[in-house]
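# following is a predicted model, sequence given first.
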2 protein chains.
Amino acid sequence: MSLTVVGSIAYDSVKTPFGERDRMLGGAATHFALAASFFDEVRVVGPVGDDFDDASWEVLRTRGIVTDDVEQVAGGKTFFWKGEYHDNVNSRETLVTELNVFEHFEPKLSDASRACDVLFLANIQPDLQRRVREQCQGARFVAMDSMDLWINIAHSSLMQTIRSVDCVILNDEELELLTGKPTSAAAAREILSWGPTAVVAKQGKYGAALFTAEGVFALPAYPLEHVIDPTGAGDTFAGGFVGYIAAHPDEEVSHELLSRALAYGTAIASFNVEEFGTERVVRLTAEEIAARVERLQRMTAFSAGPLALRG
Amino acid sequence: MSLTVVGSIAYDSVKTPFGERDRMLGGAATHFALAASFFDEVRVVGPVGDDFDDASWEVLRTRGIVTDDVEQVAGGKTFFWKGEYHDNVNSRETLVTELNVFEHFEPKLSDASRACDVLFLANIQPDLQRRVREQCQGARFVAMDSMDLWINIAHSSLMQTIRSVDCVILNDEELELLTGKPTSAAAAREILSWGPTAVVAKQGKYGAALFTAEGVFALPAYPLEHVIDPTGAGDTFAGGFVGYIAAHPDEEVSHELLSRALAYGTAIASFNVEEFGTERVVRLTAEEIAARVERLQRMTAFSAGPLALRG
């Protein structure tokens, strides 16, 4: 089976209180693919420019990621983002966004990418997401991300895309903005009524929650003493989450499977923020992931025990 | 055994997007005591004024809360707070704070209050907290709260108080402000080196985390579709958490006991925010608490399962 992701491949210049990096490899599809590559063969669909160098191609091909559908646009420049984190990396400011080759991007999927079993639509313009979604009719599980920009300026297109997927992954604020509801639980219930069977609320350093018709599953983030660079954490989370589902082709995508998937996404995302960009995940091992999932399990387990409360 | 709490008893005027209440009963000691009264006999130490009415006394005596050490100051007025919540109750603005009888409060503890097994020092001036702490030499577990004000203007006194307790309960921002550390995990490690054996990070709508020498325990908040009034949620959480420990006099205060306690605190706090002030907790039942703790347990449980990751 295979997993296809469409989204940005980028160069990021990032400054945090703990250091800075100039033009390091980033982008939603990159972070997603690196995380998902622990679970399944991943095919990346997205454009890069002439400036996309050999070292970047090498990282993008970690653990067998297939880059046949990464289109190198002659005369074009790779998507570029520059940002700075303040206040203990809790807030970030975008300094530069250059769409470059992304401005006229038309996703072209090879037969192999179209034949994917699982599809992730990273945060790109919702019309483009839908065009990719329509090409992957056989996918048994399709998840998507989006952002405030599309909620605000392309709402009706975004709604069409949402109705065509199985799972919506957004942060709390985006869920509330999208639905006009006051909490992510209320927002999730609303989105579940539109068609998707699962909603994931990303809560940054606080963790994530899953909402399905069956109920709620929630996990705190893995508690880290030092966070160096949160860039790409959400996409790394999505890569672990969606990748886990792709790795279980014979299991129904149940609440229970999605819950396990969320734990793997949480674990891998916690590594991502420990260093800049892709630096940590690119040399991550399966053993480290398994150990962190186990720690997540232990640090959330409790026995309620028998207790006579005073009524 | 018994549990003593010292802290504010107040009238709160609160406006949220979902309604408003004028001069409803509130205050840290009130919310704490109501939650803790499900677990043990609670003695409240704090001042009120002539204006403290019969209905308030009645609420304050719910489930046998002992008010012998609630001092009614002749000619005085009860502490008053007025605030408004904005942006889906995620931010709040203080409009009025009248200390009133709290301005010259000197905690006077009866023999019974001094003989407590467990003590909670709610958020009051740290000199006062310490004077109470010193009167309760036999307490086997002492926990405390504080706030940014005391961190900023009474730092050295606050440090002395912290060194005299077993457990510090603060929100994330306060932990980071107090220690100058960038994350609550790093802040907790620092505070554990000062003397306390447990640190609890309150994360509001996201949950709470416990840090001890043994490790970390963390729980998301119970996901609610509607939050009506968050006032008192932190103290209600502390009441459930500390109350649970008070209810287990024969158990060592281990990481495991504290973890269970945190689950009960989380459960009771989730009821508190569903209505204004004390309205929900005052009519809460033991069965409802037990059911919510069980749901918390189910919504965080997952089996990692065997999985061959691609290395």
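Structure received. Only a predicted model underlies this, so the values are computations on that prediction, with no experimental measurement involved.
# residues contacting residue A:214?
Neighbouring residues of residue A:214 by CB atoms under 8 Å, 6 or more residues apart in numbering or on different chains: A:254-255. Yep, even glycine has a C-beta here, placed from its N, CA and C like the rest.
# 10 Å instead, please
Counting by CB atoms under 10 Å, 6 or more residues apart in numbering or on different chains, residue A:214 touches A:197-198, A:254-256, A:258-259.
# those residues: which ones sit near chain B?
Among these, proximity to chain B is found for A:256, A:258-259 (CB under 10 Å from any CB of the partner chain).
# and stretch A:37-47, does that touch chain B?
Yes. Contact of stretch A:37-47 with chain B (CB under 10 Å from any CB) involves A:37-42.
# tell me the one of these nearest chain B?
residue A:38 (4.8 Å; CB to the nearest CB).
# send the alpha carbons of the longest helix seen in chain A over as PDB?
Longest helix of chain A, by residue count under DSSP state H: helix A:255-272. Output in PDB follows, covering the C-alpha atoms of helix A:255-272 (Å, rounded to 0.1, in the frame of the first residue of the first chain):
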ATOM      1  CA  HIS A 255     -11.900   5.300  17.000                       C
ATOM      2  CA  GLU A 256      -9.400   3.000  18.700                       C
ATOM      3  CA  LEU A 257      -7.100   2.800  15.700                       C
ATOM      4  CA  LEU A 258      -7.200   6.600  15.400                       C
ATOM      5  CA  SER A 259      -6.400   6.900  19.100                       C
ATOM      6  CA  ARG A 260      -3.300   4.800  18.700                       C
ATOM      7  CA  ALA A 261      -2.300   6.800  15.600                       C
ATOM      8  CA  LEU A 262      -2.600  10.000  17.600                       C
ATOM      9  CA  ALA A 263      -0.200   8.700  20.200                       C
ATOM     10  CA  TYR A 264       2.400   8.000  17.500                       C
ATOM     11  CA  GLY A 265       1.900  11.500  15.900                       C
ATOM     12  CA  THR A 266       2.300  13.100  19.400                       C
ATOM     13  CA  ALA A 267       5.500  11.100  20.000                       C
ATOM     14  CA  ILE A 268       7.200  12.000  16.700                       C
ATOM     15  CA  ALA A 269       6.100  15.700  16.900                       C
ATOM     16  CA  SER A 270       7.800  15.900  20.300                       C
ATOM     17  CA  PHE A 271      11.200  15.000  18.700                       C
ATOM     18  CA  ASN A 272      10.700  17.500  15.800                       C
END
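# what mean pLDDT does it get?
For helix A:255-272, mean pLDDT is 98.
# can you name the residue of the stretch 1-150 of chain A nearest chain B?
residue A:88 (4.2 Å).
# who does whichever helix or strand residue A:33 is part of touch, helix- and strand-wise?
Per DSSP states H and E: residue A:33 is located in helix A:28-36. Here helix A:28-36 is seen to pack against strand A:2-6, strand A:10-16, strand A:41-49, helix A:54-60, strand A:70-73, strand A:118-121, helix A:233-246, helix A:255-272 when contacts are counted using 3 or more CB pairs under 10 Å, 6 or more residues apart in numbering or on different chains; DSSP states H and E.
# now the second one: how far from the chain's centre is it?
For strand A:10-16, the distance between its averaged C-alpha position and the chain's averaged C-alpha position is 18 Å (CA atoms, centre = their mean, to the nearest Å).
# and the angle for it with strand A:41-49?
90 degrees (axes from the mean of the first three to the mean of the last three CA atoms, to 10 degrees).
# the inter-axis angle of strand A:10-16 versus helix A:28-36?
Going by the same axes, to 10 degrees, strand A:10-16 makes 80 degrees with helix A:28-36.
# one more: the first one?
Between the axes of strand A:2-6 and helix A:28-36, defined by the same axes, to 10 degrees, the angle is 160 degrees.
# please apply the same query to the longest one.
Between the axes of helix A:255-272 and helix A:28-36, defined by the same axes, to 10 degrees, the angle is 110 degrees.
# and if you look at the third one?
Relative orientation of strand A:41-49 and helix A:28-36, computed by the same axes, to 10 degrees: 160 degrees.
# export only the CA atoms of strand A:41-49, formatted as CSV.
The C-alpha trace of strand A:41-49 is given here as CSV (Å, rounded to 0.1, in the frame of the first residue of the first chain):
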residue,chain,number,x,y,z
GLU,A,41,6.1,4.2,1.5
VAL,A,42,5.4,7.9,1.1
ARG,A,43,5.0,9.7,-2.2
VAL,A,44,5.4,13.5,-2.2
VAL,A,45,3.6,15.8,-4.6
GLY,A,46,4.8,19.4,-4.7
PRO,A,47,7.0,21.9,-6.6
VAL,A,48,10.5,23.0,-6.0
GLY,A,49,12.7,25.4,-7.9
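# just the buried ones among the contacts of residue A:214, please.
A:197-198, A:255-256, A:258-259 (16 or more other CB atoms under 10 Å in any protein chain shown).
# which one of the residues you listed is nearest chain B?
Nearest to chain B among those, with distances taken as CB to the nearest CB, is residue A:259, at 4.7 Å.
# tell me the secondary structure for residue A:201?
The local conformation at residue A:201, judged by DSSP: H, G, I helix; E, B strand; the rest coil, is strand.
# confirm for me that it is in contact with residue A:179.
No. Counting by CB atoms under 10 Å, residue A:201 sits too far from residue A:179 to count as a contact (11.5 Å).
# out of these two, which sits in the more crowded spot?
Using other CB atoms under 10 Å in any protein chain shown as the criterion, residue A:201 and residue A:179 rank with residue A:201 on top: 26 against 21.
# find residues that contact each of residue A:201 and residue A:179.
Common neighbours of residue A:201 and residue A:179 (CB under 10 Å, 6+ apart) are A:170, A:187-188.
# reformat those residues as TSV; add neighbour count and distance to residue A:129.
Shown next, in TSV, are these (neighbours: other CB atoms under 10 Å in any protein chain shown; distance: CB to CB, whole Å):
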residue	neighbour count	distance to residue A:129
A:170	28	13
A:187	25	19
A:188	27	20
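# restricted to helices, list those residues.
Short answer: these in helices (DSSP H) are A:187-188.
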